[in-house]
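Peer 1: pasting the sequence and the predicted coordinates here, then a few questions.
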Amino acid sequence: MTDLLDLQSLARVPADARPRIAPGEAGAGIVHLGVGAFHRAHQAVFTEDAMAAAGGDWGIVAVAPRSTSVVDALRAQDRLFSVTTLAPAGRSIRVIGSFAGLRHAAGDPEAVVQLLADPAIRIVTLTVTEKAYCMDPATGRVLLDDALRADLGTDRPPQTVPGLLIRGLIARRRAGAGPIALVSCDNLPANGHRLRSLVEHLADLTSMSGWVSENVTFPGTMVDRIVPASTAETLAVAAAELGARDEAAVSAEPYTQWVIEDDFPAGRPAWDRAGAVLTGDPRPWERIKLRSLNGVHSATAYLGALAGKDTIAEALTLPGLGTVLRKFIAEDVAPSLVPPDGITTVEYGEQVLERFANPALGHTTVQVAMDGSQKLPQRVLDTILDRRRAGATPRWGALVVAAWMRFVQGSTDAGRPLPLNDPLAETIRARLASAPDTPAGVVDALLGIDAVFAPELAGDDVIRVLLVEWLTELDKHGAETTLAGAA
Ligand code: CS2
């Protein structure tokens with residue numbers, strides 16, 4: 001049996017795959033919430049490279065909000081894990097040593113609250129997915145559900161991410177631990193502003209407003225790297241390359257990008273030395289990425305899954321899909337935004353399609369399809385809204401929404417079951433169950449979910465007609481034929 005990856009077996013790992021800093025040497029400076037594959041292949045790598053280039057005590061204390069499995073695996077491995085880069089032409093691996101600590105929030109929330117009150121911690125980063133922000137996806141309004149209310153109003157250990165943050169800030173103020181930056185690294189529109197409005201709302205309810213406005217910043221970010229969920233194959237590849245078993249291994253595409261608003265009141269790692277772009281305004285980056293990468297990803301996922309394709313790369317082989325996605329980018333997305341300087345939306349979109357076509361990734365359509373109710377607003381519906389306000393008819397955007405509407409009905413065009421992993425799954429199912437079983441019935445039932453569809457969109461006849469037309473096509477002929485006919 002091969003040894004587990006840890007500080008001891010690291011000596012036998014190929015030299016060019018070892019961490020670029022001495023693991024455990026840097027003190028902790030960052031708390032990260034959400035130890036999923038994305039964080040391990042993105043911010044953890046940038047932060048190691050930043051410390052390798054410029055030093056600093058910026059080790060990451062990685063906090064898993066719910067599940068203990070990653071934390072347990074990393075504990076057994078002295079907090080080491082590997083990232084395999086999968087290029088179409090071959091792969092490379094490196095072990096990352098930037099984790100300085102591990103916590104499990106559900107198991108020991110008080111320890112996390114105390115961490116946030118530690119003056120050594122000057123940054124909190126988050127990758128907790130859209131739904132953890134307790135906000136209405138269509139409007140960004142804070143949703144005070146029972147769990148969050150209890151986190152604010154009682155002494156019981158916090159159970160929600162926003163509850164954990166505000167309790168941590170209260171403890172930080174009490175400890176006089178000084179200013180801190182809270183950095184959302186989730187794919188939300190204006191993620192810094194969203195996190196700020198969430199925390200300010202909670203601060204109002206807990207008499208923390210003054211302290212928060214003087215001590216907390218909320219830099220916005222654009223994060224980008226395709227990181228599929230790890231599989232048995234990911235672990236097998238890592239073991240073969242390392243000569244040691246890595247139960248926390250992740251794999252990712254070669255491309256990686258991080259654009260960060262430079263607003264850190266207590267300092268930051270030299271992320272710029274690691275290739276990140278530090279800027280005064282990340283929003284143009286964020287918008288192009290959400291609309292032309294994530295929007296096109298969701299389009300590929302729903303249409304591909306309906307046509308029975310398991311992965312994003314396989315979906316892109318559907319005749320007509322490439323043409324339809326290019327029309328979506330050029331005709332609907334591009335006119336809806338002002339790209340960052342030096343970038344054109346159509347070229348950006350071409351690069352995105354090339355990245356999606358990487359056959360080594362094995363990124364599944366159902367993974368990208370999950371949580372559609374939380375993703376569609378910023379990825380597709382905002383594009384549609386902007387085009388409607390400009391008097392245009394966003395045909396291709398409507399096709400993507402119609403594909404989602406067929407996807408949530410739960411089967412492929414050939415009748416294979418499709419999973420509905422979505423925090424609004426119950427609402428979606430209930431609405432479908434009481435709707436007439438016709439394209440118009442389904443469209444009206446789903447447009448009525450106001451957490452997803454803003455009234456301006458739900459009440460727009462042009463959009464409703466387009467949705468009914470596309471859904472009729474999809475129901476009658478399936479995604480593959482619809483695409484071939486539309487291209
Ligand atoms: C994907 C993203 O799963 C999804 O919804 O669209 O995770 C995507 O891979 C990343 O945002 C790429 O940066």
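Peer 2: All right, it came through fine. Residues are numbered from 1 along each chain as shown.
Peer 1: which helix or strand lies directly C-terminal to the helix or strand harbouring Leu432?
Peer 2: Leu432 is part of helix 425-433, with elements assigned from DSSP states H and E. Of the helices and strands lying after helix 425-433 in sequence (DSSP H and E), the nearest is helix 439-447.
Peer 1: so what does that following helix touch, helix or strand wise?
Peer 2: If you count contacts as 3 or more CB pairs under 8 Å, 6 or more residues apart in numbering; DSSP states H and E, helix 439-447 packs onto helix 395-407, helix 425-433, helix 461-486. Every residue, glycine included, has its C-beta placed from N, CA and C.
Peer 1: of the ones you listed, which stretch is the most buried?
Peer 2: Highest mean neighbour count among those (mean count of other CB atoms under 10 Å): helix 395-407, with a mean of 26.
Peer 1: before we move on, the earlier item: CA atoms of the helix holding Leu432 as PDB?
Peer 2: The C-alpha atoms that make up helix 425-433 are tabulated as PDB, following Å, rounded to 0.1, in the frame of the first residue of the first chain:
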ATOM      1  CA  ALA A 425     -35.900  22.200  -5.800                       C
ATOM      2  CA  GLU A 426     -39.100  21.900  -3.600                       C
ATOM      3  CA  THR A 427     -40.600  25.100  -4.900                       C
ATOM      4  CA  ILE A 428     -39.700  24.200  -8.500                       C
ATOM      5  CA  ARG A 429     -41.300  20.700  -8.200                       C
ATOM      6  CA  ALA A 430     -44.400  22.100  -6.500                       C
ATOM      7  CA  ARG A 431     -44.900  24.700  -9.200                       C
ATOM      8  CA  LEU A 432     -44.400  22.100 -12.000                       C
ATOM      9  CA  ALA A 433     -46.800  19.700 -10.300                       C
END
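Peer 1: give the other helices and strands that that helix contacts.
Peer 2: With contacts defined as 3+ CB pairs under 8 Å, 6+ apart, helix 425-433 has these neighbours: helix 439-447.
Peer 1: enumerate the positions of whichever helix or strand comes after the helix it packs on that are buried.
Peer 2: Next along the chain after helix 439-447, taking DSSP H and E as the criterion, comes helix 455-458. Under the neighbour-count criterion of 16 or more other CB atoms under 10 Å, helix 455-458 has Leu457, Ala458 buried.
Peer 1: where does pLDDT dip in the stretch 101-250 of the chain?
Peer 2: By pLDDT under 70, the stretch 101-250 of the chain has no low-scoring segment.
Peer 1: now do the strands in it.
Peer 2: 123-126, 180-184, 216-217, 221-224, 250-252 (DSSP state E, counting those that start in this stretch).
Peer 1: what would those look like in JSON lines with distance to Arg431 and mean neighbour count?
Peer 2: Formatted as JSON lines, those follow (distance: least, CB to CB, whole Å; neighbours: other CB atoms under 10 Å):
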{"stretch": "strand 123-126", "distance to Arg431": "31", "mean neighbour count": "24"}
{"stretch": "strand 180-184", "distance to Arg431": "30", "mean neighbour count": "25"}
{"stretch": "strand 216-217", "distance to Arg431": "39", "mean neighbour count": "20"}
{"stretch": "strand 221-224", "distance to Arg431": "33", "mean neighbour count": "24"}
{"stretch": "strand 250-252", "distance to Arg431": "36", "mean neighbour count": "25"}
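Peer 1: out of those, nearest to the ligand?
Peer 2: Of all the strands of the stretch 101-250 of the chain, strand 221-224 sits nearest to the ligand, with 3.9 Å by CB to the nearest ligand atom.
Peer 1: thinking again about what came up before, okay if I get the strands of the stretch 101-250 of the chain as TSV plus distance to Asp145?
Peer 2: Putting these into TSV (distance: least, CB to CB, whole Å) gives the following:
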stretch	distance to Asp145
strand 123-126	18
strand 180-184	19
strand 216-217	23
strand 221-224	26
strand 250-252	31
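Peer 1: which residues sit in contact with Trp470?
Peer 2: Ala398, Leu399, Val401, Ala402, Ala403, Thr482 (CB atoms under 8 Å, 6 or more residues apart in numbering).
Peer 1: OK, contacts around the fourth one?
Peer 2: With contacts defined as CB under 8 Å, 6+ apart, the neighbours of Ala402 are Val443, Leu466, Leu467, Trp470, Leu471, Leu474.
Peer 1: okay, among those, which ones form the most distant pair?
Peer 2: The two members of those with the most space between them (CB to CB) are Leu466 and Leu474, at 12.4 Å.
Peer 1: which residues of the protein lie near the ligand?
Peer 2: With CB under 6 Å from any ligand atom as the criterion, the chain comes near the ligand at residues Asn187, Asp224, Arg225, Ile226, Asn294, His297, Gln367, Val368, Lys375.
Peer 1: most neighbours of all the residues you listed, which one?
Peer 2: Top of the residues of the chain next to the ligand by neighbour number is Lys375, holding 28 neighbours under the definition other CB atoms under 10 Å.
Peer 1: skipping adjacent residues, who's closest to that one in space?
Peer 2: Nearest residue to Lys375, sequence neighbours excluded (CB to CB, 6 or more residues apart in numbering): Ser298, at 6.0 Å.
Peer 1: what about the one you found, which SS state?
Peer 2: Following DSSP: H, G, I helix; E, B strand; the rest coil, Ser298 is assigned to helix.
Peer 1: residues contacting it?
Peer 2: Taking CB under 8 Å, 6+ apart as the criterion, Ser298 is in contact with Val368, Ala369, Gly372, Lys375, Leu376, Arg379, Val380, Val400, Trp404.
Peer 1: what do you get for Ala276?
Peer 2: Contacts of Ala276 by CB under 8 Å, 6+ apart are Phe46, Ala50, Gln257, Trp258, Val259, Ile260.
Peer 1: of those residues, just the buried ones, ChimeraX syntax please.
Peer 2: Filtering the contacts of Ala276 down to the buried ones (16+ other CB under 10 Å) takes a single ChimeraX command:
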select :46,50,258,259,260
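Peer 1: out of the contacts of Ala276, list just those in helices.
Peer 2: Using DSSP state H, the members of the contacts of Ala276 that fall within helices are Phe46, Ala50.
Peer 1: now the contacts of Ala276 as CSV including pLDDT?
Peer 2: Below are those laid out as CSV (pLDDT from 0 to 100):
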residue, pLDDT
Phe46, 98
Ala50, 98
Gln257, 98
Trp258, 98
Val259, 98
Ile260, 98
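Peer 1: which one of the contacts of Ala276 is nearest to the ligand?
Peer 2: The shortest gap between the ligand and any of the contacts of Ala276 belongs to Gln257, at 8.0 Å (CB to the nearest ligand atom).
Peer 1: ok so, going back, can you tell me which of the helices and strands packed on helix 439-447 is nearest to Ser67?
Peer 2: The nearest among those, by CB to CB, is helix 425-433 at 19.4 Å.
Peer 1: one step back: export the residues of the chain next to the ligand to a markdown table and tack on distance to Gly448?
Peer 2: Formatted as a markdown table, the residues of the chain next to the ligand follow (distance: CB to CB, whole Å):
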| residue | distance to Gly448 |
| --- | --- |
| Asn187 | 25 |
| Asp224 | 34 |
| Arg225 | 36 |
| Ile226 | 34 |
| Asn294 | 25 |
| His297 | 26 |
| Gln367 | 28 |
| Val368 | 25 |
| Lys375 | 19 |
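Peer 1: hmm, back to that, for Glu200, find the nearest of the helices and strands packed on helix 439-447.
Peer 2: Short answer: helix 425-433, nearest of the helices and strands packed on helix 439-447 by CB to CB, at 27.9 Å.
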